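Student: Quick one: sequence plus predicted model below, questions after.
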Amino acid sequence: MRSFTLIDLVSLFAALRWTVALVVLALAFGAPLALGLALGRISRFSGLRWGMAALIQTIQSVPLLGLLFFFYFGMPVFLGIQVPAIIAVTVAYTLYTAAFLGEIWRGGLDAVKQAQWEAGACLGLSAWQQFRHIIAPQALRLSLPPTVGFLVQLIKGTSLASILGFVELARAGQVVSAATFQPLLTYALVAALYFALCLPLTLWSRSLEARLDGSR
Amino acid sequence: MNFLPLWRYQNQLIDGAIVTLELTVISAVCGLLIGVAGAVALKGRITPLRWLVRSYIELFRNTPSLIQIFIIFFVLPTFGLKLPAFESAAVALSLYFGAYSVEIIRSGLDSIPRSQVEAGQCLGLSGWQVFRHIVLPPALRNAYPAVTSQFVLLLLGTSLASQVAADELFHVAGFIESRTYRSFEVYAVICVVYFAMAMAFKALFAIIAAAAFRWPRRR
């Protein structure tokens, strides 16, 4: 047993890198997929609409912890080869992000009135041009507050990677707590670090929402 | 892939699912009570109390549920308050759900225009009658979707209680895995069980909504 030293504090801060890395990975792969899901949800083809809706529903009805374990143990079964844990974890967070962001963005797209598409068509714009220049900018503005709100969920969600042994912030907290026998100080610090990451985003999301409300 | 070895653990799975449901319902009920109390406090005139509720909401919504469970389970004993795993998880999840409930209930109440309350008062209704007949029904309908989706998130979130060894479904998964070494199969089955429970609740909530909120929406 030893006391809580500067080194423990540094190791907590260092572990933040992995927390941030997981968020970045989830967004880098999840966001494009989410856009695909959202577009599929408003597609003309009912089969595609249903398929995307079912996929989103399924992912949203399984615990994030379940997704992580499913892919952690499932990737070798699916692929027949051992894959590094980071790949399995990235797949799980990607699908999680895609399902939630996809549904948020679908809501944003739906909130833009149908007549706007028609107006674009009347001006001779192609479907892609209608989306890119007329619908997307308005949908983006509408869905930005919940998107930022989801970012907070995602940051908090990366703490579950600790259970698979990733030394991100939550895991570093467990390690330091076990080494120093100072759970109070350690977990208070870990919570404070998550809080410092999440609170600015929460406040930003809220101010975006307030601004949206005023402009109506 | 071989799911057969799991078959003899079906009783454990059912027990785990029941504990998960217990944990969910207990946390939801306590969380909603916190939510109502918090919303009343936010509406009230006592500034320090409002400030306290606001800090509580921000604190619990901006830190991971897992860390909150750890703090209740590992840190409270240093103050001489030792809770068993299930109780720790229930307290932590209640507080987490409560923080979200306050905001949901408050915004449900805020969604009723002031003019409707005044219209009720003009008709000579008492304060309680205005609340009961004019504010509450549409406020409930407005808050309902948010409460139910938060409830499903709570159901899925109870899986975190496995990390302090509460005997819920995800913990049972770890036990079966340690006996059968069929890791993938176990967690695939567990995911399906959670999925089935989440879907059942979503269907139940849709039926309740269809029965309880039948009056037409104003456009």
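Tutor: Arrived safely.
Student: pull the longest helix from the chain.
Tutor: As the question left the chain open, I've gone with chain A. Counting residues, the longest helix found in chain A (DSSP state H) is helix A:6-41.
Student: Not quite, go with chain B.
Tutor: Chain B, longest helix under DSSP H: helix B:10-43.
Student: in that helix, what's buried?
Tutor: For helix B:10-43, a neighbour-count test (16 or more other Cβ atoms under 10 Å in any protein chain shown) marks B:12-13, B:16-17, B:19-21, B:23-24, B:26-28, B:30-32, B:34-35, B:38-39, B:41-42 as buried. Yep, even glycine has a C-beta here, placed from its N, CA and C like the rest.
Student: which one is A:S11 nearest to, not counting chain neighbours?
Tutor: If you skip the residues right next to it in sequence, A:S11 has A:A172 as its closest partner in space, 5.7 Å away by Cβ to Cβ, 6 or more residues apart in numbering or on different chains.
Student: Quickly find the element holding that neighbour.
Tutor: Assigned by DSSP states H and E, A:A172 belongs to helix A:169-180.
Student: Check which residues of stretch B:113-133 are buried.
Tutor: In stretch B:113-133, counting by 16+ other Cβ under 10 Å, buried: B:117, B:120, B:125, B:130-131.
Student: Equivalent analysis for stretch B:50-62, please.
Tutor: The neighbour-count check on stretch B:50-62 (16+ other Cβ under 10 Å) flags B:53, B:56-62 as buried.
Student: can you check stretch A:14-22 too?
Tutor: Neighbour-count burial for stretch A:14-22, counted by 16+ other Cβ under 10 Å, picks out A:15-16, A:18-19, A:22.
Student: same question, stretch A:92-109
Tutor: Residues of stretch A:92-109 classed as buried: A:92-106, A:108-109 (neighbour count, 16+ other Cβ under 10 Å).
Student: about what we covered before: filter the buried residues of stretch B:50-62 by proximity to chain A?
Tutor: Residues of those in contact with chain A (Cβ under 8 Å from any Cβ of the partner chain): B:58-59, B:61-62.
Student: Mind checking which of those are in strands?
Tutor: Per DSSP state E, strands hold no members of these.
Student: Out of those residues, which sit inside helices?
Tutor: Residues of those located in helices (DSSP H): B:58-59, B:61.
Student: Nearest to A:F29 among the residues you listed?
Tutor: When these are compared for distance to A:F29 (Cβ to Cβ), B:R61 wins out at 26.1 Å.
Student: Would you agree the closest one is in contact with B:Y100?
Tutor: Yes - B:R61 is in contact with B:Y100 according to Cβ atoms under 8 Å; the separation is 6.7 Å.
Student: List of residues touching stretch B:64-78?
Tutor: A:156-157, A:159-160, A:162, A:170, A:173-174, A:177, A:183-184, A:187-188, A:190-191, A:194, B:60, B:82-83, B:85, B:88-89, B:91-93, B:95-96, B:157, B:160-161, B:163-164 (Cβ atoms under 8 Å, 6 or more residues apart in numbering or on different chains).
Student: what residues does chain A put near chain B?
Tutor: By Cβ under 8 Å from any Cβ, the part of chain A that sits against chain B consists of A:58, A:60-67, A:69-70, A:73-74, A:76-77, A:152, A:156-157, A:159-160, A:162-163, A:170, A:173-174, A:177, A:183-184, A:187-188, A:190-191, A:194-195, A:198-199, A:202.
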